[in-house]
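>>> missing the sequence, but the structure's below:
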């Protein structure tokens, strides 16, 4: 009822965009900031229509230049990430925030305490509140406040995207057979007073303040894959050196793969 245009072909296209995008970054030796923000993506006709982008036809994925009003660019504008971190019925700000902290920044938050009730269980008018209001209620619990203070804003900034990654002007929910509509609230505040309003501000903040973390996360995960094991303390020197070069744009992503192959951890594994 909420997403009548969604089907398995579209789901496959979402996955296809991310695979084609990462392949393009490697083949063209792009720098790590393109994972966070870019002015292009890889689309076919069906996914372009889903995004509301005109002028793309056919099944083949190809590079498409993006305008500011397309609201795309980087991994966080791709429906594969947005759908995977939703409930299926709606977006999920916390799942999206945890993915950013864990996968992009290599800074996973602590798991929630086992006795914390879900938002729906603890809030009588849950479905009538925006996500930001739901999380404000949740943060009133001392056991929840410390973790959510440095978590919520990362996901709230992506509330302009619905569960299927489509840009939206309102939040729609079905409750007891009735459609509920709410305004989109996509402004959150990180510790230190950093205000993120929407996906564009989030991407700009990541590029400006977190490129080294993103580089370190990519290096760590690629090295673990290459070694076939978790990284260890002995790998730290190689990780730090490569992360610094990647963040300073002295290396592209293809360069990074070559450097990993010649690194001490890989050659002594």
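Sure thing, it's come through. Owing to the predicted nature of the structure, the values given are computational and were not obtained by experimental measurement. Numbers count the residues shown, from 1 in each chain.
>>> check contacts around residue 34.
Neighbour list for residue 34: 25, 74 [criterion: C-beta atoms under 8 Å, 6 or more residues apart in numbering]. (C-beta placed from N, C-alpha, C; glycine too.)
>>> ok, now how distant is it from residue 192?
For residue 34, the distance to residue 192 (C-beta to C-beta, to the nearest Å) stands at 26 Å.
>>> now residue 76
As judged by C-beta to C-beta, residue 76 and residue 192 stand 21 Å apart.
>>> quick one, which of these two is more surrounded?
residue 76 (23 against 6; other C-beta atoms under 10 Å).
>>> quick check, that one in a strand?
No - per DSSP: H, G, I helix; E, B strand; the rest coil, residue 76 lies outside any strand segment and is helix.
>>> now the element after the helix ranked longest in the chain, going C-ward?
In terms of residue count, the longest helix belonging to the chain (DSSP state H) is helix 8-27. With elements assigned by DSSP states H and E, the helix or strand that comes after helix 8-27 is helix 33-36.
>>> sheet partners, orientation included, of the helix or strand following that following helix?
Using DSSP H and E, the helix or strand that follows helix 33-36 towards the C-terminus is strand 40-43. Each strand paired with strand 40-43, and its direction, by DSSP bridges: strand 62-65 (antiparallel).
>>> where do the strands of the stretch 101-250 of the chain begin and end?
170-175, 178-183, 187-190, 194-197 (DSSP state E, counting those that start in this stretch).
>>> flag the shaky bits of the stretch 101-250 of the chain, pLDDT-wise.
Filtered on pLDDT under 70, the stretch 101-250 of the chain yields the residue ranges 115-128, 132, 134-148.
>>> span of stretch 156-173 from start to end?
Its start and end residues considered, stretch 156-173 measures 17 Å (C-alpha to C-alpha, to the nearest Å).
>>> list the buried residues in it.
Residues of stretch 156-173 classed as buried: 156-167, 171 (neighbour count, 16 or more other C-beta atoms under 10 Å).
>>> with stretch 219-235 instead?
By neighbour count, with 16+ other C-beta under 10 Å as the criterion, the buried positions of stretch 219-235 are 219, 220, 222, 223, 227, 231, 235.
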